[in-house]
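Colleague: turn this into a model:
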Amino acid sequence: MSRIPLSALIGLVITGAFFFLALTAQWVAPYDMAAIMGGVWDPISSEHWLGTDAIGRDLLTRMIYGGQVTIFVATCSTILSFVLGSILGFTAATAGGWVDQVMSRLVDLVMAVPTLILALVILTAVSVSVPTLIIVMGLLDSTRVFRLSRAVAVDITVMDYVEAARLRGEGQRWVIFNEILPNALSPLVAELGLRFIFAVLFISTLSFLGLGVQPPLADWGGLVKENATGLVYGIPAALAPAICIAVLAISVNLVADWVLARTTSLKGGRGG
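Modeller: Here you go, the predicted model:
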């Protein structure tokens, strides 16, 4: 068994810490999320480890709850995008013909519009809520997963074991879930981390623009927006959530790079 590289180990520890705080936010947060505990942008103190925000709420508490919302939305939208995108991609690859052409061209059409612009257009026309954000982000990101899963499945469908399954009379659903999915799992798992990073950055961007998570809830992008004015006066409150976004993205990327490298090496070993 090969050892985990130091970079991947650091990424796993940091990512695990973020997820642990997200799962236990109600117990580890020092104050209530909406409670006003001090003055506007009070400095760091023993009562407020990161100071207070633009209206006097404890910034550390807001950061912990904001991380919970950010990670929850990003995780749910990533799962939705992978379930939908991979199933449709595998279906297109195995069906082939006009089914593949129609699905691929529809995905190309959606991907032709920048994702952020398309999301902003949709979110301005509907009532913004956490479920809405998850659905919109998941659907838009599923196009990227579709492209990957279809490309992987096209290579797998020409393999002898898939042809043998078809000759045995196995149906399309059986081929997808018993032959294609297990063999396509490695690249999909590696891509999962990258899609999660995109989801974190995406929800943070939407919230910073005012069309993401709405009050009284908070996420890291919204916290940056709420405290951005303080930067003009030398108040660093907006930097803490921005740093958390960057650290989470880097840590997940370290793990994703390790998984991708391990997957590639395993494939090379099997090919030899």
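
Colleague: in this protein, spot the helix with the most residues.
Modeller: helix 59-95 (DSSP state H).

Colleague: quick one: average confidence on that one?
Modeller: Mean pLDDT, helix 59-95: 93.

Colleague: what residues of it count as buried?
Modeller: 59-82, 84-94 (16 or more other Cβ atoms under 10 Å). For every residue, glycine as well, the C-beta is placed using N, CA and C.

Colleague: for it, packing partners?
Modeller: helix 6-23, helix 25-28, helix 97-111, helix 130-157, helix 172-175, helix 181-208, helix 220-227, helix 239-271 (3 or more Cβ pairs under 8 Å, 6 or more residues apart in numbering; DSSP states H and E).

Colleague: columns mean neighbour count and distance to S46 on top of these, output as JSON lines?
Modeller: Converted to JSON lines, the helices and strands packed on helix 59-95 look like this (neighbours: other Cβ atoms under 10 Å; distance: least, Cβ to Cβ, whole Å):
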{"stretch": "helix 6-23", "mean neighbour count": "16", "distance to S46": "20"}
{"stretch": "helix 25-28", "mean neighbour count": "12", "distance to S46": "17"}
{"stretch": "helix 97-111", "mean neighbour count": "13", "distance to S46": "51"}
{"stretch": "helix 130-157", "mean neighbour count": "20", "distance to S46": "34"}
{"stretch": "helix 172-175", "mean neighbour count": "14", "distance to S46": "60"}
{"stretch": "helix 181-208", "mean neighbour count": "21", "distance to S46": "30"}
{"stretch": "helix 220-227", "mean neighbour count": "25", "distance to S46": "21"}
{"stretch": "helix 239-271", "mean neighbour count": "17", "distance to S46": "17"}
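
Colleague: any chance of the ones you listed in TSV, plus distance to I44?
Modeller: Formatted as TSV, the helices and strands packed on helix 59-95 follow (distance: least, Cβ to Cβ, whole Å):
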stretch	distance to I44
helix 6-23	19
helix 25-28	18
helix 97-111	45
helix 130-157	31
helix 172-175	57
helix 181-208	23
helix 220-227	14
helix 239-271	10
